[in-house]
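[1] Okay, here's the prediction I keep looking at, along with the sequence it came from:
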Amino acid sequence: MNNKDKSFSPDNGLEHAINLLREVFLEQDELPDTCPDIGIGELDTLNLLAPHVLGRAAHLGRPDVFAHMDPPTPWITWATALWNASLNQNLLHPATAPFAIEAEEKVIKWLTPFFGMNGGHMCSGSTVANLTALWAARDTKGIRRVIASESAHLSIKKSANILDLSYEEIATNTHGQLDSEQLDDISDACLVLTAGTTATGEIDPLELAGQAKWTHVDAAWTGPLRLSPTHAHLLNDINKADSVSISAHKWFFQPKDSALIMFQDPELANSAISFGGGYLATPNIGVQGSRGAAAIPLLATLIAWGKNGIVEHIDKSMLMANKLASELAKEDSIRLWAKPKTGITVFRPLACSTEDFYQRLPEGMLSTCILQNKTWLRSVAANPLADIDTIISTIYNVIHGNNTG
Ligand SMILES: *Cc1c(COP(=O)(O)O)cnc(C)c1O
């Protein structure tokens, strides 16, 4: 390539960027207050920004981090995300992204059979995936009502709102699952079942799938468990759904923004959610217009790790969550919400306030949630690099008042 503008070609500044990833930053220089007229150049910009961008973020692969659904990402995804950024392919235009489109088709073809689905596409998150599913339900089946449990993710209510559909919230049973006894006639409705509620990781009764006019399973968190021979049964009956969403930037270890919306009948769904336009060679499917090649890091991860590699990381995380829960269950001054179903362990101290307890834990170790009007501590097994013994002993020390600082 004969390009004099060096800003657009590979440069050893990129190596510097990688080296900065390994550094620890103690000091930061202030950023300019206003948009600078004259740029400082790429290398100085990396040096200026590194302490902010790299130094002021949680490091999700730290051994004591067990707090949120955001996983650390494997380096193969950094490399392929860099390729993506440099190519800036647009899935909207097949001409700019012939292989990226193939990559997405391949990923969809590899993953949909685990869920009994037959097609779909990628999008920026399960919020958009859920919106896409309800949109397809409305415009293929004439659905006007959405029914979900009170523990469903807020994106379901948000989507119903955007689509002008009525939203009915069903109470949960003592396990935190949608209480099927509270359902009346659902034959004209879209039933949304959550496979892995965001707060406690509960799975709604998936055997209800197929009984409503459209069933959508929000498997944003737990979907990848379907690949695990040990845990796949937790999502039995998901194959009877009409649509399934998964956030690949959760338990598929992808950088954001990466999610899948999958359909039982993709032709039918696509007929409702596709729009053509004068400048488009092929119709635009789904909510987003221009979108990047999120399939490439996912494809790379699936090839580099294989299905077994993904499963190994998820299974290990599940084991750690279960170990944490069984240790907590031995403590008289701890109330465990329930045995964790899908890697989310929720508990609360009985001898002090949850806030006090939380303050005494290292930052980023756990998160909190509100259940039954009380604050609970929540741990999410998204980090396969966690050292569960250290986490358990840190919590133990807080329980028993040994202040380790
Ligand atoms: C995380 C989550 C979502 C939202 O997914 P995003 O990828 O954050 O948009 C939806 N539903 C459930 C159950 C979730 O856990």
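    Done, it's in.
[2] So in terms of bridging, what pairs with the residue of the stretch 251-400 of the chain found nearest the ligand?
    Relative to the ligand, the nearest point of the stretch 251-400 of the chain is Ala259 (5.3 Å; CB to the nearest ligand atom). (Glycine included, C-beta is placed from N, CA and C.) Counting by DSSP bridges, Ala259 forms beta bridges with Cys123, Ser247.
[3] For it, give its distance to Gly223.
    Distance, Ala259 to Gly223, by CB to CB, to the nearest Å: 10 Å.
[4] Common neighbours of those two, please.
    When contacts are counted by CB atoms under 8 Å, 6 or more residues apart in numbering, Ala259 and Gly223 are jointly contacted by 245-247.
[5] thinking again about what came up before, run a quick neighbour tally on the residue of the stretch 251-400 of the chain closest to the ligand.
    Per other CB atoms under 10 Å, the neighbour tally for Ala259 reads 27.
[6] likewise Gly401?
    9.
[7] Can you tell me the SS state at it?
    Secondary structure assignment for Gly401 (DSSP: H, G, I helix; E, B strand; the rest coil): coil.
[8] which residues touch it?
    Counted by CB under 8 Å, 6+ apart, Gly401 has zero contacts.
[9] And it, how far from Thr354?
    For Gly401, the distance to Thr354 - CB to CB - is 16 Å.
[10] cool, Val311 as well?
    In terms of CB to CB, Val311 sits 34 Å off from Thr354.
[11] for Val24, same thing?
    For Val24, the distance to Thr354 - CB to CB - is 32 Å.
[12] higher neighbour count, these two?
    Thr354 (17 against 7).
[13] Now for the residue lying closest to Ala351 once chain neighbours are set aside: which residues touch it?
    For Ala351, ignoring the flanking residues on the chain, the nearest one in space by CB to CB, 6 or more residues apart in numbering is Ser333 at 4.4 Å. Ser333 sits next to 349-351, 399 when contact means CB under 8 Å, 6+ apart.
[14] swap in Pro362?
    Pro362 touches 64, 394, counting by CB under 8 Å, 6+ apart.
[15] Does the most centrally placed residue in the chain lie in a helix or a strand, and which?
    The structure's the chain has its C-alpha centroid closest to Lys250; by CA atoms, centre = their mean the separation is 3.2 Å. Following DSSP states H and E, one finds Lys250 outside all helices and strands.
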